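Asks: Pasting a predicted model and its sequence here:
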Amino acid sequence: MNRAMLNTRTALTPSLIAIVGFLTVCPVFMLVFGSLSEGIGAFGKLTLEKYIQSYTDPAFAGIIVNTVIFTIGSAFVATLLALFLAYLNTRTNIPFKFLFRIISIIPMMIPHILFSVSWVLLLNPSNGLINLFLKQFLNLQNSPFNIYTLGGMILVEGLLDLPIAYLILAPAMAAFDVSLEESSKVSGASNLRTLIKVTLPVLRPAILASFILVIVRSLASFAVPSIIGMPGRIYVLATHIYRIIATGFAADFGMAAAVGMSALAASIALIYLYRYLTSESEKYVTISSRGYRPTVIDLKNAKYPLFGIVGLLSFVLIVLPVLVLFYTSLVPYSIVPSAKAFSMMTWKNWLEVLRDPISLLSLKNSVFLGIVGATLGVILSIFVSYVIVKVRTPAAGVLESLSFLSFSFPGIVIGVGFMWFFVRTPLYATIWSLLIGYIATYLPYGIRPLTSAFVQIHSHLEESSRVCGGGTLYTLRRIVVPLLIPGIVSGWILMATMFVRELTLSVVLSRPGTEVLAVQILRFAEDGLWGKLSALGIMMIFISTLIVVIAFLIGTRLTKMEESHR
Amino acid sequence: MEIRIKSVSKDFFSEGKRIRALANVDLTIPANQIFTLLGPSGCGKTTLLRCIVGLETPDSGEIAIGEEIVWSKEKHIFVPPEKRGLSMVFQTYAIWPHMTVFDNVAYPLQTRKEPRDEIRSKVEKTLRFVQLEGLENRPATKLSGGQQQRVALARALVPEPKVILFDEPLSNLDAKLREETRKELRSFLTELRITAVYVTHDRIEALSLSDAIAVMKDGNMVEIGTPKKIYFDSEHRFVADFIGRANLIDGKVTAVEDSYTIVDSSIGTITCQKSPEATVGNEVSLCIRPEFIKVIEGEASEHRNIFRGRVESLLFIGEAYEGEIIIADTLLITRIEPTTAVKEGDEIALSLDPDHCFVLLK
């Protein structure tokens, strides 16, 4: 009966391997080729010249040192903060626990470039609002803070990666087998001693996993190094590559590829280590099947002071950036909020942005990329997840590994790889090159929620519908699709928000005519047009939020349709 | 409705190896009975059930439900599951998590496009029958395991099928709930008088629920009979051992009397239930269940089947002791009343009930 179906199924896996393989392997291959090539137009002869040129550069050692300090520092900040928050949330009686969910999700909604800009607006040495404020009130000669330092970069990057670290640590902390702690306490150890001697060591794989993932993310990060690092002349690998291809003297994509190779290699190695550790930690922190209730530690007097810290953190992470941007978009120059400042407020920056053709074009492009890109990306993710979860042949395993490969790719490096590819195709400098690059880089974000949706659809659910008299199509419409919708919606939302704000890949692939929002914001930042930048940034946040809300409403609507089907 | 299965075979391939799930199975499931397929896991019972319902296609043979042939290799007939008009309760219950209790139960009627008010009244009636009234608008996943099980049952009953299939429906319930649900299921099914095919590996479930039991092993039908026949008078060593606690003793037939067969074994001469097939000289196995081995207190009144042995161990299991008695190097398991005064190491006398000592041909 299913001969025809079987054939399409067997053809599905190889064609998906071809598509995903192209998306993930092609840029890597082209990067390698590019790094060995003589120039972007050249064919034929391979040479090591670009490697020698880039790795013997006397400034290179300093860049590596900066990169190591920046990534490890960020990992420390993010992981320590996440540990603190996860422990408070899962194991103590701290009030208002809903705040933790907000802290773990909302910062992902604020584009990294805007978050970085808001810190520049607060703490830059010449006219940062906090510096101005302190100078005014304490009568200081010099600004007390300077964000344009490695420390500033680490602080901001650490805060940006906090949600990722939290999402790894909180479940591990919640799944912790409490009897391990209880036996320590029975043996006479105090709460603190138990925490240090038992809890943290048992959580070590999760802590290491979070640490490594933050290193990978900060290695790939471009927003913080470009907005905060470059004005202070602090270069890391990502900005070094950017400098090679985008600023000053003629762009050298061969050298960019050669430098990118080391970032890519480091990143892939770290991701393998991460996957190894997470599989280890699943072995390690096994939850007993018994229902268990974690003992809640009474914070007593420390309850409200600790909550104060959490409240401050959520203010700093969520409210402050938006507030600062909105304020800056309304005032003509940097000025501490005062009666005078409020009297000078105008919509001038907003109107100028709306009259600026390039800003408008970038708005249009980003919305197009968000909606069309996420739709195509989710369709591909549906098929890939279906094969990964339901087909389960060795070929499906290959597809799984391929589709998660891009998770480890630093955006700017992969952008350089794609550049080497697109330059040879008619897609060069079109919006489609950005679209393909986006889908390739962010495919895991679509696949994650969809695989879990497919896992949820046990084969018995479909079979039971068949036995009840539902044909194949009827079953698809009433059982399979409705159960997939939540996964489709969250996959789409994740991809769309990523695409609307995309920066790292776009700085390489975006050309005149294909400007996108984040790149336009970077240009404003480079020109110091903070007012316009803030206005465009707020528009960007507004558009992302609007897309999320609409997608969410459509999702609920579709689910409702199933319910009203009586 | 009667189900006839004619020489159905099915192989699976797993890691390059061929696994025979069904080997030329012939079986007729009589109408309006509770018929159980019993066997250890991997014996093919679930595969057979899935072939009947149409979720699996056999490699050869023919399956007919009532008058209709639903699968035939030679005649190229395959009726898809949705057209077979059967109902099935899955081991996982297969409750659709995105629907309410009402929608789950109404689904089979909705697929046939029945009028709304008719669907409503039928669903209400069925939910009342399985004692779930008032839960119509609950999301199905918000129910307890036992309640979900009943939703699955209601969904199977609502289209008033002629045949209903059960794939280990009680295996996900805890022990106490399983016992209660078993009783309920028995009363539901006898009340409805429909053909039920029930797959299980649990012998107590099979014995207490069924009108007839078919015991399977390695894709073959080993024995078919009523629960009592299977338990007290099985013809196969495998079945006798699988269906309950059994002492299996090897021996040789030495005489055939009018009402008994006499067997010589390692523990001595045993008088057994008459076996029509056994003749003098046959190598046989004897099966005697622990509850038919009695400890004799005081003087023995009988002279047949009395053996002396030593109590090797005593295990208190609540309603009785389970005793291991050694008689001439052979270990027998017995059930000893908790009031009996024995202790480990005692020399005791045992009597084996000849009417429940049955001969299995080798």
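Replies: Cool, the structure landed.

Asks: Would you map the strands across the stretch 1-150 of chain B?
Replies: B:3-14, B:17-29, B:34-38, B:60-65, B:68-72, B:77-78, B:87-89 (DSSP state E, counting those that start in this stretch).

Asks: Can you check which of those gets nearest to chain A?
Replies: strand B:87-89 (4.6 Å; C-beta to the nearest C-beta). (Glycine included, C-beta is placed from N, CA and C.)

Asks: how about the residues of the stretch 101-250 of chain B near chain A?
Replies: B:102-103, B:106-108, B:110-112, B:116, B:119, B:155, B:159 (C-beta under 8 Å from any C-beta of the partner chain).

Asks: Nearest to A:Thr239, out of those: which one, please.
Replies: B:Asp103 (56.1 Å; C-beta to C-beta).

Asks: how far away is that closest one from B:Pro115?
Replies: 16 Å (C-beta to C-beta, to the nearest Å).

Asks: Who has more neighbours out of the two?
Replies: Per other C-beta atoms under 10 Å in any protein chain shown, whichever of B:Asp103 and B:Pro115 has more neighbours is B:Asp103, with 22 against 9.

Asks: Distance-wise, check that one relative to A:Cys468.
Replies: Taken as C-beta to C-beta, the span from B:Asp103 to A:Cys468 is 12 Å.

Asks: about what we covered before: turn the buried ones among the residues of the stretch 101-250 of chain B next to chain A into a named PyMOL selection, would you?
Replies: Buried subset of these, written as a PyMOL selection, criterion 16 or more other C-beta atoms under 10 Å in any protein chain shown:
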select buried, chain B and resi 102+103+106+107+108+110+111+119+155+159
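
Asks: Helix, strand or coil: sort out B:Pro326 for me.
Replies: One correction, residue B:326 is Ile, not Pro. Under DSSP: H, G, I helix; E, B strand; the rest coil, B:Ile326 falls in the strand class.

Asks: ok, which stretches of the stretch 51-200 of chain A are helices?
Replies: A:60-91, A:98-105, A:112-123, A:129-138, A:150-174, A:178-186, A:191-194, A:200-202 (DSSP state H, counting those that start in this stretch).

Asks: Kindly reformat those helices as TSV containing distance to A:Pro444 and mean neighbour count.
Replies: As requested, these are arranged in TSV below (distance: least, C-beta to C-beta, whole Å; neighbours: other C-beta atoms under 10 Å in any protein chain shown):
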stretch	distance to A:Pro444	mean neighbour count
helix A:60-91	20	20
helix A:98-105	18	16
helix A:112-123	18	24
helix A:129-138	37	15
helix A:150-174	13	22
helix A:178-186	33	14
helix A:191-194	37	14
helix A:200-202	28	14
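
Asks: among the ones you listed, which is nearest A:Ala341?
Replies: Across those, closest to A:Ala341 is helix A:129-138 (C-beta to C-beta), at 10.1 Å.

Asks: how long is stretch B:347-356 end to end?
Replies: By C-alpha to C-alpha, to the nearest Å, the extent of stretch B:347-356 from end to end equals 24 Å.

Asks: outside of it, which residues touch it?
Replies: Contacts with stretch B:347-356, where a contact means C-beta atoms under 8 Å, 6 or more residues apart in numbering or on different chains, come from B:232, B:260, B:270-273, B:288-289, B:292-296, B:300, B:302, B:304-311, B:325, B:327, B:332, B:334, B:342.

Asks: Packing partners of the one helix or strand A:Val20 maps to?
Replies: According to DSSP states H and E, A:Val20 maps onto helix A:3-36. Contact here means 3 or more C-beta pairs under 8 Å, 6 or more residues apart in numbering or on different chains; DSSP states H and E; on that basis helix A:3-36 packs against helix A:49-55, helix A:253-284, helix A:374-386, helix A:394-405, helix A:411-422, helix A:431-456.

Asks: so how far is the fifth one from its chain's centroid?
Replies: Here helix A:411-422 shows a centroid-to-chain-centroid distance of 18 Å under the convention C-alpha atoms, centre = their mean, to the nearest Å.

Asks: Please, where are all the helices along the stretch 451-566 of chain A?
Replies: A:459-467, A:472-475, A:481-500, A:506-509, A:517-526, A:530-563.

Asks: got the contact list for B:Arg155?
Replies: A:464, A:468, B:87, B:104-105, B:107-108.

Asks: Recalculate using a threshold of 10 Å.
Replies: A:464, A:467-468, B:87-89, B:93-96, B:101, B:103-109, B:123, B:126, B:130, B:140 (C-beta atoms under 10 Å, 6 or more residues apart in numbering or on different chains).

Asks: same deal with B:Glu2?
Replies: Residues near B:Glu2 by C-beta under 10 Å, 6+ apart: B:28-33, B:64-67, B:162-163, B:195.

Asks: Now the buried members of these.
Replies: Buried among those by 16+ other C-beta under 10 Å: B:29, B:32-33, B:64-65, B:162-163, B:195.

Asks: Nearest to A:Ile227 among the residues you listed?
Replies: Nearest to A:Ile227 among the buried ones among the contacts of B:Glu2 is B:Val163, at 70.1 Å by C-beta to C-beta.

Asks: Grab the nearest non-local neighbour of that closest one.
Replies: Once flanking residues are discounted, B:Val163 sits nearest to B:Thr195: 4.5 Å by C-beta to C-beta, 6 or more residues apart in numbering or on different chains.

Asks: That neighbour contacts B:Gly66, doesn't it?
Replies: Yes - using C-beta atoms under 10 Å, B:Thr195 makes contact with B:Gly66 at a distance of 9.3 Å.

Asks: Now do the shared contacts for these two.
Replies: Counting by C-beta under 10 Å, 6+ apart, the shared contacts of B:Thr195 and B:Gly66 are B:1-3, B:31, B:162-163.

Asks: can you tell me the helix or strand for A:Lys322?
Replies: For residue A:322 the amino acid is Val, not Lys. Short version, using DSSP H and E: A:Val322 is in helix A:320-330.

Asks: And for residue 93, the neighbour number?
Replies: Answering for chain A, as no chain was given. 12.

Asks: try chain B instead
Replies: B:Tyr93: 24 neighbours (other C-beta under 10 Å).

Asks: try the one 3 residues further on
Replies: Residue neighbour count, defined by other C-beta under 10 Å, stands at 24 for B:Trp96.

Asks: For chain A, see how far away it is.
Replies: Per C-beta to the nearest C-beta, to the nearest Å, B:Trp96 is found 6 Å from chain A.

Asks: cool, and B:Val284?
Replies: B:Val284 is 45 Å from chain A, where distance means C-beta to the nearest C-beta.
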